[in-house]
Structures are given as structure tokens and as C-alpha cells.
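Engineer: Structure for the following, please:
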Amino acid sequence: MISILKLFKSSKNKTNLCRNIIKTYSTESTETNHIAGHSLETNPESSPIKKLDSKILKTLGRKPIELPKLEEEFAKKIETITSLDFSQDALTWIHIKNNGKILDWNFVHFDKELMYHADFNIAFEYLNKLYEEKIPKESNAYIFEEKRYKARETKMFQYILKLQRGEIMLQSLLKSKILNQVDKKIFKMNSGKVAKKFNILVGNERVRASNLMQYMIKPKADFHLDFDKFILGDSDRFYDFFSRANDQKEPLAINYLQASCFLNLIRDFDTEFTEY
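Structural biologist: Model prediction:
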């Protein structure tokens, strides 16, 4: 990561910048894939799913998180935030106001021939087009999940490198767009910390974020008080949209949880994220 930040300082052209980042990253990727502690599974579906029950629901949002402080001056100026997720098939995001109102919650499927094209310039221009057409430009804070990977088999390396290449391209592109704009910053949130906050990791099992979303966006009466602090919106329109999202439900739900957690953390200044 330090080497990537150095490239930002030394590169003036965004295309050259991203090309240098990918080149630098590729030379380090073989070593990185073997680092112990990269514990988030590349395929979350490989983890057993625990049924969401009332015991889990009643503990949501009650676990404390200890993190570095966010600059209070910047936090007070945040009007909207955008949480993004880059997956193999699609880019998902949620754009919300600091009062929790959802402005945009959506996804776009990739043209994989362009997104994963061997020619970096083609892939970059495609991603840049998606950014210009889809991603909210008004946000003060852009949030990415701080992902960690562990490849159990050699055949997974190529899959991981594809994802990491895309993630780095997107983050680098966004970084170049907001460069020198003091009212805009990029943050990474530790997925394990967010999961802990919402109690969606139970031992080696996990609760689907998408299952939890069904309760959060339209909470049942029995759990309304437990969820009240973390609800972003209670709109039939967004509930129906989420219900029809099919294969993108999980990343959309993760965006929702990250955004909700971010908002509540900056309100209390007990933040659990790092500036990128």
C-alpha cells in the first residue's frame, strides 16, 4: 500500500498512474498471496450460513468498536457518503445523506470482456466510463471494504488477481478524480469490524448480510428499537428494489451495512476506518 501511495505522488497522468500501480502490484502479488492473516475467504459462499434468529437480532449494534479518531472538522462537513463494492460480476453502491436518507442504491453488471481485458488501457477506459455514467460525484466520503484474501488452491490465484486488479483500478481512478479536493476523502472499512458491529459473524459461521437487510430496511415491530439507530430508510421502493436484486443482494446489503455503520461511527467519533 505504501508503494501505491508513492506512485500517486509521483504520477501526473492518471492512465500512467494506474498502469504503474498495476505493474507494481503484479510484481508483488505472488508474495502477497502467501501472507498469513489474509483471512477473508475469496468466496464467502464457502462459509456455512447460520440461520438468522431472534437471539442474533437482539444483539445487533450493541458490540463496541475501538478505532482511531476521525478528524472532527471533516466529519462535521460530511453531507453525503457513497459506499462501493467491486465484485467479479458487478459494481454496487449506495449513496446516502448524513441524515440517513437513501439517494441512490444500485448496481451495474460488468461487460467482462472489457473489464478484464488484457490491455489495461481498454479496461481502464471502460471503468472510467462506468464511473462517469454511474458513480455519485457529490459525496464527501467514499467507502470501500478493506478486503483480505486467502487462496487455498493455486487455481484461485488468477481469480484473486482479477479482483484485486479491478479494485485497485477503481480506487486509483476515484483517487485521481478527487485529488486536491479537500472536502472529499476515501476510506477503507475493515469487514471484520463491521461484521462484529452487526454480529453477523458467529464463530466460523456467518449470517448472510442480505438476510439481515430484510429486517433492517423494513423492521418488524418486535425489533424496531434494536434497529432504530442503524436504519437508513424505510421505503417500499428500496425494499422492492432489494427484493428483486437477485445475485447482487449480498454486495448491496454489505454496502448498506457499511454506510449505516460509517454514519453512526462518525456521529459518535468512535470511528473504525482508515483514510486511504
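Engineer: Against which helices or strands is the lengthiest helix in the chain packed?
Structural biologist: Ranked by residue count under DSSP state H, the longest helix found in the chain is helix 156-177. In terms of contacts (3 or more CB pairs under 8 Å, 6 or more residues apart in numbering; DSSP states H and E), helix 156-177 is packed against helix 2-10, helix 14-32, strand 80-86, helix 120-134, strand 141-146, strand 185-190. Every residue, glycine included, has its C-beta placed from N, CA and C.
Engineer: If you count neighbours, what's buried in it?
Structural biologist: Buried residues in helix 156-177, defined by neighbour count with 16 or more other CB atoms under 10 Å: 156, 160-161, 163-177.
Engineer: in the host helix or strand of K249, what's buried?
Structural biologist: Using DSSP states H and E, K249 falls within helix 249-268. By neighbour count with 16+ other CB under 10 Å, helix 249-268 contains the buried residues 249-263, 265-266.
Engineer: Stretch 78-85 now?
Structural biologist: Across stretch 78-85, burial judged by 16+ other CB under 10 Å covers I78, T80, I81, T82, S83, L84, D85.
Engineer: What average pLDDT does that stretch get?
Structural biologist: The average pLDDT for stretch 78-85 rounds to 93.
Engineer: got it, and stretch 194-207?
Structural biologist: Rounded mean pLDDT across stretch 194-207 is 61.
Engineer: remind me which residues of the stretch 101-250 of the chain are low pLDDT?
Structural biologist: Scanning the stretch 101-250 of the chain for pLDDT under 70 picks out 151, 195, 197-207, 214-237.
Engineer: same thing but 80
Structural biologist: Residue ranges of the stretch 101-250 of the chain with pLDDT under 80: 147-155, 190-244.
Engineer: How about N128, nearest residue that isn't a chain neighbour?
Structural biologist: Nearest non-adjacent residue to N128, counting by CB to CB, 6 or more residues apart in numbering: L173, 6.1 Å away.
Engineer: same thing with F107?
Structural biologist: Spatial nearest neighbour of F107, excluding adjacent residues (CB to CB, 6+ apart): T92 at 4.0 Å.
Engineer: That neighbour pairs with what?
Structural biologist: Listed beta-bridge partners, T92: D85, F107 (assigned using DSSP bridges).
Engineer: Also the one 4 residues further on?
Structural biologist: Legend: beta-bridge partners of I96 under DSSP bridges are I81, I102.
Engineer: Now do it, the pLDDT please.
Structural biologist: We have a pLDDT of 90 for I96.
Engineer: would you say K137 is within a helix?
Structural biologist: No. Using DSSP: H, G, I helix; E, B strand; the rest coil, the secondary structure at K137 is coil, not a helix.
Engineer: Pull the contacting residues for it.
Structural biologist: By CB atoms under 8 Å, 6 or more residues apart in numbering, the residues touching K137 are K177.
Engineer: how about a cut-off of 10 Å?
Structural biologist: Shown in contact with K137 (CB atoms under 10 Å, 6 or more residues apart in numbering): T82, H95, Y131, K177, I178, K184.
Engineer: ditto for D240
Structural biologist: D240 touches nothing, counting by CB under 10 Å, 6+ apart.
Engineer: Which helix or which strand is home to it?
Structural biologist: Going by DSSP H and E, D240 is in helix 236-243.
Engineer: Kindly export that helix (C-alpha atoms) in PDB.
Structural biologist: What follows is helix 236-243, C-alpha atoms only, in PDB (Å, rounded to 0.1, in the frame of the first residue of the first chain):
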ATOM      1  CA  ASP A 236     -41.200   0.400  -0.100                       C
ATOM      2  CA  ARG A 237     -39.400   1.500  -3.300                       C
ATOM      3  CA  PHE A 238     -36.000   0.400  -1.900                       C
ATOM      4  CA  TYR A 239     -37.400  -2.700  -0.300                       C
ATOM      5  CA  ASP A 240     -38.900  -3.800  -3.600                       C
ATOM      6  CA  PHE A 241     -35.700  -3.000  -5.400                       C
ATOM      7  CA  PHE A 242     -33.600  -5.000  -3.000                       C
ATOM      8  CA  SER A 243     -36.000  -7.900  -3.100                       C
END
